[in-house]
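Peer 1: Model the following, please.
(2 chains)
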There are 2 protein chains.
Amino acid sequence: MPKGLVVQKYGGSSVANPERIKEVARRVVSYKQRGYSLVVVVSALADTTDELIELASAITGKPPEREMDMLMATGEQVSCALLAMAIDKLGYKAISFTGGQVGIITDSSHTKARIVKISAERLNNELKKGKIVIVAGFQGVTQENDITTLGRGGSDLTAVALAYTLNAKICEIYTDVEGVFTADPRIENRAKKISKITYDEMLEMASLGAQVMQSRSIEVAKKFGIPIHVRSSFSHKEGTMIISEAKKLEDVVVTGITINKNEAKITICNVPDKPGVAAKIFKEVSNAGINVDMIVQNVSHTRQTDISFTVLKTDLPKATRMTKKVANKIGTGEVLKDQDIARVSIVGVGMRSHHGIAATMFETLAENSINIEMISTSEISISCIIKKKFADLAVKALHEKFGLGK
Amino acid sequence: MPKGLVVQKYGGSSVANPERIKEVARRVVSYKQRGYSLVVVVSALADTTDELIELASAITGKPPEREMDMLMATGEQVSCALLAMAIDKLGYKAISFTGGQVGIITDSSHTKARIVKISAERLNNELKKGKIVIVAGFQGVTQENDITTLGRGGSDLTAVALAYTLNAKICEIYTDVEGVFTADPRIENRAKKISKITYDEMLEMASLGAQVMQSRSIEVAKKFGIPIHVRSSFSHKEGTMIISEAKKLEDVVVTGITINKNEAKITICNVPDKPGVAAKIFKEVSNAGINVDMIVQNVSHTRQTDISFTVLKTDLPKATRMTKKVANKIGTGEVLKDQDIARVSIVGVGMRSHHGIAATMFETLAENSINIEMISTSEISISCIIKKKFADLAVKALHEKFGLGK
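Peer 2: Just a heads-up that it's a prediction; the model follows:
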């Protein structure tokens, strides 16, 4: 008796080698045995992507993006063929497809293409025949049949988009962690697995440093209301369900704590406090292709103010250069930079209806003698920039204070 | 000023690593600089094919052929993307395609598919834009868009078929030897490169043991009269031109000598000499999927005869088993097998018009005390089965006698 369709996605570590692939095949078959239809999306074998990038770098420092996609797409093609073989070996019928073969049509922004449509006719035909369908993640083709890749988190996106197109019951994202935790378990050993989290919370956590899933695919899942189950391919425990707010019944104020050590802070001192100055600064920086994250400007009492903002550490040299240039033009004071910072954030939809959460966070940091350098808030998160050396201490203290280990 | 189209094919050793790929790119560009249009067919990087087979074997002893094609086709996709990058790096426009993308449509005999048609529209469009077109060899797609591979020598076949479809001036096959030699240079160091050879001679030599090109692609080239230039990607010397007989002006009787040590001999003694017996024997053997090569049956004086035939050594156990079974049924004498044999052959279209070539061959072997165990002839070749230990001696003696080293 058919139980409906499940879309599963296995990441690179889940299909790292032939043994792991056989393990995945056994898991897939166990679903089939329980009566589910299955579409399985796979990433490239763990080391393959690096090896392909290395080959390309040995040839040119600047490979054309179209050719880079042609090259990289082979990684997922290899793993999906191998998984189909492993399932066949267990006596079940499987068929593998590239992104192009299942009709994943994208725009032509090579290396970061967007899915335009999915014409899943072939895929549906094979499902009707009772086959387990394996799809190479991370890839598609343009209308002209050129191979494209979907950029970071692309395999998750393939899975979520197929789950939507095929009207799947659920989209399971298999990874090497057991789900989303209240904090990074490597920092706080009392961190607990979150059993249910809303799309919005997950989006905040992803953008604030939790690396389980990329924001893009969570956004798509949210848009179409596709339930996602993030879980480990190395165990059989339940993971974390990502669902809409309406379905989350528990009243938790703070769901999780994230830490991000990849940012650096730039401060422009003594900026003339008149209209249009901030715009001028950030226009130049963004024209240079630098993504600015948190921006803080204090009220001014002296017709001058300080503006601070954070950028990715990798962008720091370029961002500093651009900032100094524009600071010079405007006539500001010194430009300072600081790499020894961390952003600690608390996330939770409960913040919408609870007051005093920010105060509790600031108090907790103060009790631990941690100075707050910048503050920024969204509807369901509060972030503080602190000295990097206090990062782990801050996570532990906040985890304790908001009762997340219970 | 356009000089017409050249199709080039580079084998696995020619694109073994990034350095070799850059070298190939320089050669390709040098043709472009001289005004040629170019379509370049590439094989997989030398070790890739083995690595992919190893991955599959680690998963199953019997991979489904469709999935094997899906897996293997990635090898050529990698090398064609890398070559396009290397050409781009030299400042020339290149674009890479899979077999499917250039419209190489095959039947659905996975792992050994036959090309049904090539719809080269996209390819022609890119050539018109002045681009160097790189095509992944060895592969195509079925009408249903399933990926297929063309079997052994498949990349040569891709090149020859494209040369025909695009009406190319010439098809250059780049390999790691400088061309076709009068004998294996590892055996006879006075062996000379043959500058011109006919399709028929090349076909005989390929089937008799010369490993430069597979018969299939030579047959296609012959059928459509496509001139082929077999040459080395490791030097700039001219190689061997494979051409139609009409274009070969020199009057050489013997073009080359081949040796094949991969066969074994089976002899059935005392076979009743009556109609239908040979048919019965070879039907059973061929039903078992064993390819029989040379067959010799002597005239009989005693109403009994001996029948000998050769098979690939790898088929010997199975062939012996089948032969004993049928010999038993028919009521013959003993079944003997011999693995220590070699087939030495002389090839040349001149044999058609010259007499006494066979006699010269037999005399030469006799002068060196080499016993001939079986003889077989075609219109342009003569083959003798001799003891394997005499193989190199036979090659040297015949090479000398027919004046091939001059």
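
Peer 1: From now on I want contacts and neighbour counts done on CA atoms only, so please keep to that.
Peer 2: OK.

Peer 1: Report how many residues lie close to the closest residue in space to residue A:293 that isn't next to it in sequence.
Peer 2: Leaving aside its sequence neighbours, residue A:293 sits nearest to residue A:310 (CA to CA, 6 or more residues apart in numbering or on different chains; 5.4 Å). When neighbours are defined as other CA atoms under 10 Å in any protein chain shown, residue A:310 has 27 of them.

Peer 1: Across the sheet, point out what pairs with residue A:5.
Peer 2: residue A:37 (DSSP bridges).

Peer 1: Check it and give its pLDDT.
Peer 2: Here, the pLDDT recorded for residue A:5 equals 97.

Peer 1: residue ranges with poor pLDDT in the stretch 251-400 of chain A?
Peer 2: Across the stretch 251-400 of chain A, the ranges flagged by pLDDT under 70 are A:251, A:299-301.

Peer 1: how many other residues sit next to the residue of it found nearest chain B?
Peer 2: Chain B sits closest to residue A:289 of the stretch 251-400 of chain A, with a gap of 24.4 Å, by CA to the nearest CA. A count of nearby residues for residue A:289, using other CA under 10 Å, gives 11.

Peer 1: for the residue nearest to residue A:293, helix, strand, or coil?
Peer 2: Using DSSP: H, G, I helix; E, B strand; the rest coil, the three-state assignment for residue A:310 comes out as strand.

Peer 1: Is it in contact with residue A:265, as I believe?
Peer 2: Yes. Assessed by CA atoms under 8 Å, residue A:310 is found in contact with residue A:265 at 4.4 Å.

Peer 1: What parts of chain A come near chain B?
Peer 2: A:18-19, A:22, A:55-56, A:58-60, A:62-64, A:67-68, A:70-71, A:74, A:77-78, A:81-82, A:84-86, A:88-89, A:95-96, A:101, A:145-146 (CA under 8 Å from any CA of the partner chain).

Peer 1: What about the residues you listed, which are in strands?
Peer 2: Per DSSP state E, strands hold the following members of the residues of chain A next to chain B: A:95, A:96.

Peer 1: which of the residues of chain A next to chain B count as buried?
Peer 2: Listed as buried from these are A:18, A:22, A:55-56, A:59-60, A:63-64, A:67-68, A:70-71, A:74, A:77-78, A:81-82, A:84-86, A:88-89, A:95-96, A:101, A:145-146; burial here means 16 or more other CA atoms under 10 Å in any protein chain shown.

Peer 1: Please report how far residue A:191 lies from residue A:228.
Peer 2: For residue A:191, the distance to residue A:228 (CA to CA, to the nearest Å) stands at 21 Å.

Peer 1: Of those two, which one has the most company?
Peer 2: It is residue A:228, of residue A:191 and residue A:228, that has more neighbours when counted by other CA under 10 Å, with 25 against 22.

Peer 1: In contact with the more buried one, which residues?
Peer 2: A:170, A:171, A:172, A:173, A:221, A:241, A:242, A:243 (CA atoms under 8 Å, 6 or more residues apart in numbering or on different chains).

Peer 1: what residue is smack in the middle of chain A?
Peer 2: Geometric centre of chain A, nearest residue: residue A:214, 1.8 Å, by CA atoms, centre = their mean.

Peer 1: Fine by me, thanks again.
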